[in-house]
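> sequence and predicted model, in that order:
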Amino acid sequence: MAFVKSLLVMLLIPILGFALAQWVTSDINQDLRSSGADLTVTQLCADAQLVQSTGARHLCSRVAHMRLVRQASIGSGVAGVLLLLLFVTTSAMAGADRKKITRIFPPLVVFSLLTLAVLVLVQGAILTYSVYLAEITAFGSYHVYLIAAVGIGALLGVGSLIKACFSLAGKREQPILGKQLARDQHPALFSFAKAIAEKLGAREPDHIVVGLDPNFFVTSAHVQLIGTNEELTGETLYLSLPLARIFTREEIRAVIGHELGHFRGKDTMYSLRFAPVYAGLTHGINTLGASRDLTAIVQLPARSVLQYMIEVFHRNVSTISRQREFEADKAAMEAAPAQALATSLLKIGLYGNAWNGLQNAVVERMGKRKFTRNMSSLFASIVRYDVNTQKIPEAINDVAGQTVSHPTDSHPPTAIRIEQAGLRVEDINHEDLLVGEDNSIDLVADHQAIEEELTANQQKMYVAMGVQVPTALDQNQGGTVLAALGAHMVLADGSVEPEEVDLAEGIGQHMSELFDIIEFREFCHYPDSLPAIDELLTALAQASDDAKTAVMQYLKAIAEADNNTSPQEQALMDSVAVLLAREGNADTDVD
């Protein structure tokens, strides 16, 4: 069906040109018969003496043009059909053989683009001249502006198509919002990656970029770091800082091993030569034919052929992608235990939605002129404190059927990958899916400063995408006071307990609709940003006695959330009570 559709689109302009040429020739022959001539225009123009005697030179010039239009129409139509057949033949020859596809596909793309460039030039000329012929034959005159519009539109369409086509044949640029790490400033991480590469016999990445997107991948595309003039060539390994906060060392070793596994053995040339070209075509086809004017008509055949080309090879690529991912998973298990690969895959599936929810919350806060300091640490906090451990068994069933997102490849379902690793999803210890203190974020030197820089850049990107930030500050600080007091209490004994966090947020939101969970979490993560207790209580000086009593009850509830009020927590409550009394408050006893 796709072949027939592409075939019809490719033949559209040639059929139009051929039909018009035939119509014009037939119209001329009809005129000759009406004038009493006993010969066709072809016979007339074949006799030079007859042409001279009848003054039919101009008429024969038109006939010669008709012949050229017919020939060009037939030639471009045949070339288009042969090009389509070439796709089908080469796809069948290559099958799911990576070596054959790597050898065939890249040069075929270049040849096809060159052929298409010539075809659109020819068909653009056919279309322009066909409009002229239709007008001159039907009305005996033509509109210069219409012909010029068609011609200029065809030239513009051809120019944009040629430019777009040849850009597809080159290295694709992959924009990434991230930060390139310098080798001399991050020796631990580079040594970690190098050791994995050496163990696997794989290529060591030329660059390591860290970012906030919850993903890991390696690419040979030219990486353009958004917001900078930096362009990275060679192989680039992208690491997610939020995931590094919830992955153990073994899990991140497995993930990096999987990614570097794409650059060893027979997969290396496929990753370097075929995958970028295929990804570039898939990405770039959308840039063609955005217009809806005459240029789109000229671009239509080329777009249709390129789309069909991608569809033809997609069948091969789908099979290969599964094979590649299973082989890369084998590399992961050479770098780390199979259990680490399994838990890393399940964690990505289980906690991926937490990142989406965090992004929405950050954008909502920006609408209140509140800016977030560290989205990565907040993500880890959400995973650590907000996940309902009772629902993990139920959630795993959904996760097992999902695929892991990747910029270029289609991964098999998680459950199948885990089975290929010799494990079963139901045998995974659910405790291993929780986030503990053993994580891999310390591989990145000065990671907190980098996360804060990336968080600031992420919010700048949201603004660039249209998020509106008010110019005036919100003067109501009630929510901030509650969040800060709650954070003081949670941090009083030197440890952050999930029960205390949950209760502080629950009561805080109940007490004030202005209570901001992200603000509270960031106070907990950044104690140095907490306002002093006496400053916070000064803000409560004008509050009612009931409100002050509620604040004391709020602090007491947080302290007792873990069924153990520490001496530090009791000391903090006593200090708050004294300060409130000094302000001339009413009874603050909560016994």
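Here it is on my side, so go on.

> going forward, measure contacts and count neighbours with C-alpha atoms only.
Fine.

> now stretch 316-328, how far from the centre of its chain.
Remark: stretch 316-328 is offset 20 Å from the chain centroid, using Cα atoms, centre = their mean, to the nearest Å.

> equivalent analysis for stretch 448-467, please.
When distances are taken as Cα atoms, centre = their mean, stretch 448-467 is centred 17 Å away from the chain's centroid.

> what's that stretch in contact with?
177-179, 211-212, 241, 363, 366-367, 371-376, 469 (Cα atoms under 8 Å, 6 or more residues apart in numbering).

> buried subset of those residues, written for ChimeraX?
Buried residues among the contacts of stretch 448-467 (16 or more other Cα atoms under 10 Å), as a ChimeraX selection:
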select :177,178,179,211,212,241,363,366,371,372,373,374,375,376,469
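
> show only the entries of the contacts of stretch 448-467 found in strands.
Among those, the ones falling in strands (DSSP state E) are Gly178, Lys179, Gly211.

> leaving out chain neighbours, which residue sits closest to the last one?
In this structure, Gly211 finds its nearest non-sequential neighbour in Gly178, 4.3 Å apart by Cα to Cα, 6 or more residues apart in numbering.

> that neighbour is in contact with Asn215, isn't it?
No: with contact defined as Cα atoms under 8 Å, Gly178 does not reach Asn215; the gap is 11.9 Å.

> rewinding a little: run through the residues that contact the residue nearest to Gly211.
Shown in contact with Gly178 (Cα under 8 Å, 6+ apart): Val209, Val210, Gly211, Leu212, Leu225, Ile226, Leu454.

> isn't the second one up against Ala182?
No: when contacts are counted by Cα under 8 Å, Val210 is not listed as touching Ala182 (11.1 Å).

> helix/strand/coil for Val305?
State at Val305, reduced to three classes by DSSP: H, G, I helix; E, B strand; the rest coil: helix.

> Leu86 is in contact with that one, correct?
No: counting by Cα under 8 Å, Val305 stays clear of Leu86, with 11.3 Å between them.

> the two: which is more packed in?
Taking neighbours as other Cα atoms under 10 Å, Val305 and Leu86 compare with Val305 leading, 26 against 15.

> show me what contacts that one?
Going by Cα under 8 Å, 6+ apart, Val305 touches Ser6, Met10, Leu84.

> if you rank the residues you listed by neighbours, which is first?
Within the contacts of Val305, most neighbours by other Cα under 10 Å means Met10, with 27 neighbours.

> now name the helix or strand holding that one.
For Met10, the element it lies in under DSSP states H and E is helix 2-34.

> and the helix or strand just after that helix, what other elements does it pack with?
Using DSSP H and E, the helix or strand that follows helix 2-34 towards the C-terminus is helix 41-46. Helices and strands touching helix 41-46, by 3 or more Cα pairs under 8 Å, 6 or more residues apart in numbering; DSSP states H and E, are helix 2-34, helix 48-54, helix 57-94.

> among the ones you listed, which gets the worst mean confidence?
Of all these, the minimum mean pLDDT falls on helix 48-54 (a mean of 70).

> could you pull up the mean pLDDT of the helix or strand Lys460 falls within?
Assigned by DSSP H and E, Lys460 belongs to helix 447-464. Averaged across helix 447-464, pLDDT comes to 95.

> ok, now stretch 568-586?
What stretch 568-586 shows for mean pLDDT is 78.

> residues in contact with that stretch?
Residues from elsewhere that reach stretch 568-586 (Cα under 8 Å, 6+ apart): 489, 492-493, 533-534, 537-538, 541, 545, 548, 552, 555-556, 559, 587-589.

> host element of Ile252?
Using DSSP H and E, Ile252 sits within helix 249-260.

> any chance you could list what contacts that helix?
By Cα under 8 Å, 6+ apart, helix 249-260 touches 193, 196-197, 200, 202-205, 216-218, 237, 244, 328-337, 340-341, 343-344, 438-440.

> which of the residues you listed count as buried?
With burial judged by 16+ other Cα under 10 Å, the buried subset of these is 193, 196-197, 200, 202-205, 216-218, 237, 244, 328-336, 340-341, 343-344, 439-440.

> can you give me the buried ones in stretch 74-87?
Going by neighbour count (16+ other Cα under 10 Å), the buried part of stretch 74-87 is Ile74, Ser76, Gly77, Ala79, Gly80, Val81, Leu83, Leu84, Phe87.

> actually stretch 253-266, sorry about that
Within stretch 253-266, the residues scored as buried using 16+ other Cα under 10 Å are Arg253, Ala254, Val255, Ile256, Gly257, His258, Glu259, Leu260, Gly261, His262, Phe263, Arg264.

> tell me which of those is nearest to Phe313?
Among those, His262 lies closest to Phe313 (Cα to Cα), at 19.8 Å.

> isn't the closest one up against Arg324?
Yes: counting by Cα under 8 Å, His262 does reach Arg324; the two are 7.4 Å apart.

> for the host helix or strand of Ala195, packing partners?
Using DSSP H and E, Ala195 sits in helix 187-200. Helix 187-200 sits against helix 249-260, helix 294-335, with contacts defined as 3+ Cα pairs under 8 Å, 6+ apart.

> is it possible to export those helices to a markdown table including distance to Leu50 and mean pLDDT?
Formatted as a markdown table, the helices and strands packed on helix 187-200 follow (distance: least, Cα to Cα, whole Å; pLDDT from 0 to 100):
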| stretch | distance to Leu50 | mean pLDDT |
| --- | --- | --- |
| helix 249-260 | 77 | 95 |
| helix 294-335 | 40 | 78 |
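
> what are the ranges of the helices in the stretch 101-250 of the chain?
Remark: helices assigned in the stretch 101-250 of the chain by DSSP state H, counting those that start in this stretch are 144-169, 187-200, 241-244, 249-260.

> how far out from the middle of the chain is the last one?
Distance of helix 249-260 from the chain centroid (Cα atoms, centre = their mean) equals 22 Å.

> export that helix to PDB, keeping only CA atoms.
What follows is helix 249-260, C-alpha atoms only, in PDB (Å, rounded to 0.1, in the frame of the first residue of the first chain):
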ATOM      1  CA  ARG A 249      27.400   2.100  41.700                       C
ATOM      2  CA  GLU A 250      26.700  -1.300  40.300                       C
ATOM      3  CA  GLU A 251      23.500  -0.100  38.600                       C
ATOM      4  CA  ILE A 252      25.200   2.800  36.900                       C
ATOM      5  CA  ARG A 253      28.000   0.500  35.900                       C
ATOM      6  CA  ALA A 254      25.500  -1.800  34.200                       C
ATOM      7  CA  VAL A 255      23.900   1.200  32.400                       C
ATOM      8  CA  ILE A 256      27.100   2.600  31.200                       C
ATOM      9  CA  GLY A 257      28.200  -0.900  30.200                       C
ATOM     10  CA  HIS A 258      25.000  -1.200  28.100                       C
ATOM     11  CA  GLU A 259      25.600   2.100  26.300                       C
ATOM     12  CA  LEU A 260      29.300   1.400  25.600                       C
END
